[in-house]
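**Student:** Quick check, what structure comes out for this input:
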Amino acid sequence: MADYSMNDEAWNKRVSKIDTYLESNDLGEMATVIRWNITEGTADPSNRKRFWTSITTLFGMLPDSPISRGRESDLPEVVQQQITAISVKYAEAYCAAYATDPLFGEIVRKHGKSGGGVYANIEEYNKSLVSSMKSRLTTYYRNHLKGQSGPNWDGSVNDSGVPNITVVETQSEETSEEEE
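**Tutor:** The predicted structure is shown next:
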């Protein structure tokens, strides 16, 4: 017989990720169904994998799902949510111009490491923009954690949802500039 159980630690970690997402995103009636699955899974540990499958299916319909495949990020959940939200907003803004004028479809090209050439469609362009912004913001956040020079981001955003990015110079860079 199949085992559909999940231990409390694994369940609570997943639920925490979903709760963080639901706090900052309005999913309407979908949120009710998701919360029902969370409640039932919390009460019935022997069927948690089934409830989790339902939750992941629902989130699979969203463009900015907090549930991803592969290795878990070591960034705090709140920062991951900020990175996703900012990246989606950024890509939507650039895709608006891409979608309105065929000139953008001819001028905007893939990076050479991605094979170069034009994007097949707006979805491919959007996916590329989201991916590059996530990578950039992750780097800025890690710079902040490590105290490295260059763009730093502490994970916060202003009232407009714009990340508070600062450019930091390390002490050794400041010293070498003064010596010149």
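
**Student:** buried residues in the longest strand that the chain contains?
**Tutor:** Counting residues, the longest strand in the chain under DSSP state E turns out to be strand 150-157. Neighbour-count burial for strand 150-157, with 16 or more other Cβ atoms under 10 Å as criterion, is recorded at 151-153, 155. Every C-beta, even on glycine, is put in place using the N, C-alpha and C of the backbone.

**Student:** Each with direction, which strands does it pair with?
**Tutor:** Sheet partners assigned to strand 150-157 using DSSP bridges are listed as strand 163-168 (antiparallel).

**Student:** Quick one: mean pLDDT for the strand it pairs with?
**Tutor:** Mean per-residue pLDDT for strand 163-168: 93.

**Student:** Just the buried positions in that strand, please.
**Tutor:** 163, 165.

**Student:** same thing with stretch 139-147?
**Tutor:** Neighbour-count burial for stretch 139-147 [16+ other Cβ under 10 Å]: 140-141, 143-144.

**Student:** got it, and stretch 20-29?
**Tutor:** For stretch 20-29, using 16+ other Cβ under 10 Å, the buried residues are 20-22, 27.

**Student:** Need those residues in TSV (columns: distance to Met133).
**Tutor:** Shown next, in TSV, are these (distance: Cβ to Cβ, whole Å):
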residue	distance to Met133
Thr20	20
Tyr21	18
Leu22	23
Leu27	22
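
**Student:** roughly how far apart are Ser50 and Arg14?
**Tutor:** One thing to correct before we go on: residue 50 is Arg, not Ser. 13 Å (Cβ to Cβ, to the nearest Å).

**Student:** Any figure for the gap between the residue nearest the centre of the chain and Ser131?
**Tutor:** For the chain, Thr84 is the residue whose C-alpha lies nearest the centre (Cα atoms, centre = their mean; 2.6 Å). Distance of Thr84 to Ser131, computed by Cβ to Cβ: 11 Å.
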